[in-house]
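Visitor: pasted the sequence and its predicted model underneath.
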Amino acid sequence: MDMNEIKEIFFQECEEQLAELESGLLKLNDGDRDPETVNAVFRAVHSIKGGAGAFGLDDLVSFAHVFETTLDCVRSNRLDPGPEVLKVMLKSADVLADLTNAARDGGSVDEARSRQLIKELEALANGEVPQASAVAEPVAPVSKAAPVAVAPVVNDEGFQPVAFSFDDFETDEPASMEMPTYEIVFKPKSDLYAKGNDATLLLRDLSRLGEMSIHCDMDTLPSLDRLSPETAYFSWKVSLKTDKGEDAIRTVFEFAEWDCDLDVSLVSGETAPVGEELPMQPVPFDLSILDDEPVGPIGVIEEEEQLAAQQEIRNAAVAAAGTASNVLQMAQSAARAPAEKSAGAAASAAAQSAAAQQAAASAATPTIRVDLDRVDRLINLVGELVINQAMLSQSVVENDANGTSSINMGLEELQQLTREIQDSVMAIRAQPVKPVFQRMSRIVREIADMTGKSVRLITEGENTEVDKTVIDKLAEPLTHMIRNAVDHGLETPEKRLAAGKSAEGTVRLTAKHRSGRIVIELADDGAGINREKVRQKAIDNDLIAADANLSDEEIDNLIFHAGFSTADKISDISGRGVGMDVVKRSIQALGGRINISSKPGHGSVFTMSLPLTLAVLDGMVVTVANQTLVVPLTAIVETLQPEAAAIHSFGSNQRLISIRNSFCPLVDVGRILNFRASQANPVEGVALLVESEGGGQRALMVDAIQGQRQVVIKSLEANYTHVPGIAAATILGDGRVALILDVDTIVAASRGQSLKPEMSLAAAG
Amino acid sequence: MASKKTARKTLSLAPVLDLNEATTLHEKLLGLKGSDLTIDASAVERVGTLCVQVLMAGAKTWEEEHLSFTFSKVSDAFEKTTQLIGVDIDHLMAKEI
Amino acid sequence: MKKRVLTVDDSRTIRNMLLVTLNNAGFETIQAEDGVEGLEVLEEANPDVIVTDINMPRLDGFGFIEGVRKNDRYRAVPILVLTTESDAEKKNRARQAGATGWIVKPFDPTKLIDAIERVTA
């Protein structure tokens, strides 16, 4: 391992500490006064500072230091972490995160902001508690007139200027001059020995400074009967000829200064006698023996078998401990090593023993760190295994018509095992959404500041797990939605008060699992969607016909259309030109759905439903115009064999199917994807009743159902190009490529009567 | 070779004479009081001040009781450390006869 | 026989830096993540010297040092406190708990090795 790798570990650790810091501060914000919470927050900053110092990341160190000092006031109950204090601290946590990122990626930080916060933190540490300002005020601009001198805020010896000494230059010049001689009186106290120090070590270090004569004063040493073996009796008078200076002498006693009486005085003149009455013994310079490793096996005398036995035990213990620690070290390096293709079995075995060892060592967190590359590779391989297993099953079925052989049974077991392996492997990459949610609290703070709104973010279900690949792609659309919710959803404090609401708006972010998917809800208690405005805008923008008859739900969902923005003025916050259509597209690209429901005056709820993984999908394999397609099973409500009597035509070529006394639009998948020129006869096919998130039900018509199976998702975008109406592709058991239908897009496109067709589909089969 | 009389006893010192060993060594010496004593320090790898104090207190006590207290063999480490801290054991070294 | 160093620190970064520095200097390094684990592995580690952090979860450096000093077998082991704390009060507490010496972070490898050499024979 080299320093760069350690640095990488440091930044990883910073991320964890920053998350710890933020969640701790948020807990404090919620009134948590557990000292351990405060300690954890303090440790997080402290730890970042410590590591940053080791890598010379001075900006980070200075900021962390000031932050830490203020946190220490909280820790020692000198500062009450009230809302105003926490506001500063949460902002400081944001800046600390920025500084960390800048240190890693070389970006820049808002220096004015960090200077401002340093001032605020110092003010807090000095006992100046900020006055609770009225509702969130926009960030106070930093006074440009008087630039703040920020450098010397800290004076930890860690980053003190290096004391420059001319001694080094002077040493050889006065070579002919006499070397200074010091007299050192050194009287250890018993504590010195109790603390694991020893006069022998101090005198050894002292002797290395120059030429030393020594006198040991044993006068206080009692007879054996009255001796207390752990009491200090000896003291020394030393004469030391050295050019290293008194500081060097004092440094030798640095660790001992409290546990001894020490007197150092300069006795000028080379031959200065150090008390004639003292017999001085010159000490030889060869002290190497003290550093030497003990030599060989030790000779043992018969009478002292006990001692020998002790030694043997000791040796054995040392050896045993040695092996154990080797395993531990090996394990550590294996667990931390970057993924190496050649690492192979040995490394993984080591990693396993590491896991076992570490689990035993600290039962609290039985986890190992594994490079993500390794997991990804495993997941890919398992994906291939699934495909391979499917192909094998298929060819067995084809070559074994009666299907009774034991091979078939074996295959079923294999299929089940494969499935279990896949689930277990996917679980490795599953992670709680917590880090993404935590990032959102910062976004909320920032926008609240910028817009002058007062916002409280409540998160629920942070520990809901989802595949890491999904998490990584979740942050961007979520960020945008949060911004949108605060900027457009919530009203200003004045308007809220006027509407009889509390000045502080609430944004609630929730995650939960629902039928094999993760559902993320973003609810605000703002004004809700102004449907009249949305409708008018949609008409103005030619999105709908002026006389279109739309349900409230359908109007609400219009905001997901390209180029749609209802805010009267374009604000910086939601981002120019990035509308909810982009959010919807990125959610769809994840195989997810999004919809909105809104209650005027009470707020809006955005609901996103996402697959738990981007790697596999349970699908129904269907035939459409001789093409094989896969329809995600989660979208299908039921399948029906349409009867002629249930089909009703209306308009030019619209058809409805009646299902249990209600009508549902019938959509010919082959037609809408341009697989064929004219509509197929519904009676000859199968209808799949699908439900799109908020989009109502549709009956998708396909020619035939081939079966149901799990498929491994292969991105079309990565391998080909985006095709409207198609979510992805997969490889079937027979080796053919099949397209996976994007049900939401198909349903949306089928609303052709009121929406401009947003797809121009090329046959993509 | 040190002369070996019947009454003479030998004490071999442990390799590590640290804080913990001081008490042990003290008790051992107390148990050997009244006999001429030869100390074998040939196995000593490390010796701290406290143990030197115990040994020197022993030497003093033995001297007071007019018994012989000598070092038969000393390791380099033992010799160097005592020399370093200004404790003279030359007069306690067993004389070759 | 290599000198054995037990390091106790909750920061992965610092643990790694210690490991690299100490191994490069020819020490055998055993690592623990907090005071509790430090005391647990003491027997197995059988260290010649201990380097410990102060701020740690579960059991901090002060408690850890006290624990070592109360251990009949290991109470003589020199303990160096590795800390960014510079104020006298913290040093004082560490000393009262029984620390032998200290190394101020950010440590440079030379300072660390030097301090270890100073307290070990």
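Guide: Now that the structure is in, tell me what you want to look at.
Visitor: which secondary structure elements does the lowest-mean-pLDDT helix or strand in chain C sit against?
Guide: Least confident helix or strand of chain C, by mean pLDDT, DSSP states H and E, is helix C:88-97 with a mean of 78. Here helix C:88-97 touches helix C:61-69, strand C:79-83, going by 3 or more C-beta pairs under 8 Å, 6 or more residues apart in numbering or on different chains; DSSP states H and E. For every residue, glycine as well, the C-beta is placed using N, CA and C.
Visitor: okay, these, which one's buried deepest?
Guide: Counting by mean count of other C-beta atoms under 10 Å in any protein chain shown, strand C:79-83 has the highest mean neighbour count of these, with a mean of 26.
Visitor: do it and chain B meet?
Guide: No - on the criterion C-beta under 8 Å from any C-beta of the partner chain, strand C:79-83 is out of touch with chain B, staying 12.8 Å away.
Visitor: quick one: that strand to helix C:61-69, angle?
Guide: Orientation of strand C:79-83 against helix C:61-69 (axes from the mean of the first three to the mean of the last three C-alpha atoms, to 10 degrees) gives an angle of 170 degrees.
Visitor: relative to helix C:88-97, how tilted is strand C:79-83?
Guide: Going by the same axes, to 10 degrees, strand C:79-83 makes 160 degrees with helix C:88-97.
Visitor: could you point out which element follows the least confident helix or strand of chain C?
Guide: strand C:101-104 (DSSP states H and E).
Visitor: I'd like to know which elements that next one is packed against.
Guide: Counting by 3+ C-beta pairs under 8 Å, 6+ apart, strand C:101-104 packs on strand C:79-83, helix C:109-119.
Visitor: would you list these in TSV and tack on distance to chain A and mean pLDDT?
Guide: Output for the helices and strands packed on strand C:101-104, formatted as TSV (distance: least, C-beta to the nearest C-beta, whole Å; pLDDT from 0 to 100):
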stretch	distance to chain A	mean pLDDT
strand C:79-83	6	85
helix C:109-119	6	84
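Visitor: how about those in TSV, adding distance to residue A:88?
Guide: Shown next, in TSV, are these (distance: least, C-beta to C-beta, whole Å):
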stretch	distance to residue A:88
strand C:79-83	26
helix C:109-119	35
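Visitor: so which of those gets nearest residue C:1?
Guide: Closest approach to residue C:1 among these (C-beta to C-beta): helix C:109-119, 15.5 Å.
Visitor: tell me what that closest one is packed against?
Guide: By 3+ C-beta pairs under 8 Å, 6+ apart, helix C:109-119 packs against helix A:199-207, helix C:12-24, strand C:49-53, strand C:79-83, strand C:101-104.
Visitor: re earlier: could the helices and strands packed on helix C:88-97 be laid out in TSV, adding distance to residue A:643?
Guide: Formatted as TSV, those follow (distance: least, C-beta to C-beta, whole Å):
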stretch	distance to residue A:643
helix C:61-69	79
strand C:79-83	81
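Visitor: for those, which one sits closest to residue A:408?
Guide: Closest among the helices and strands packed on helix C:88-97, using C-beta to C-beta: helix C:61-69, at 62.4 Å.
Visitor: what angle do the closest one and strand C:49-53 make?
Guide: 160 degrees.
Visitor: chain B contacts on the stretch 101-250 of chain A?
Guide: By the rule C-beta under 8 Å from any C-beta, the part of the stretch 101-250 of chain A lying against chain B is A:188, A:193-194, A:196, A:198-200, A:203-204, A:207, A:214-216, A:218, A:221-225, A:227, A:229-230, A:232-234, A:236.
Visitor: so where's chain B shaky on pLDDT?
Guide: B:1-6, B:95-97 (pLDDT under 70).
Visitor: which parts of it are helices?
Guide: Taking DSSP state H, the helices of chain B run over residues B:19-31, B:49-64, B:76-84.
Visitor: tell me the angle the last one makes with helix B:49-64.
Guide: What that stands for is helix B:76-84. Using the same axes, to 10 degrees: helix B:76-84 against helix B:49-64 is 80 degrees.
Visitor: packing partners for helix B:76-84?
Guide: Against helix B:76-84 (3+ C-beta pairs under 8 Å, 6+ apart) you get helix A:199-207, helix A:288-291, strand B:46-47.
Visitor: how far does stretch B:47-67 sit from the chain's center?
Guide: Once both centres are worked out by C-alpha atoms, centre = their mean, to the nearest Å, stretch B:47-67 turns out to sit 7 Å from its chain's centre.
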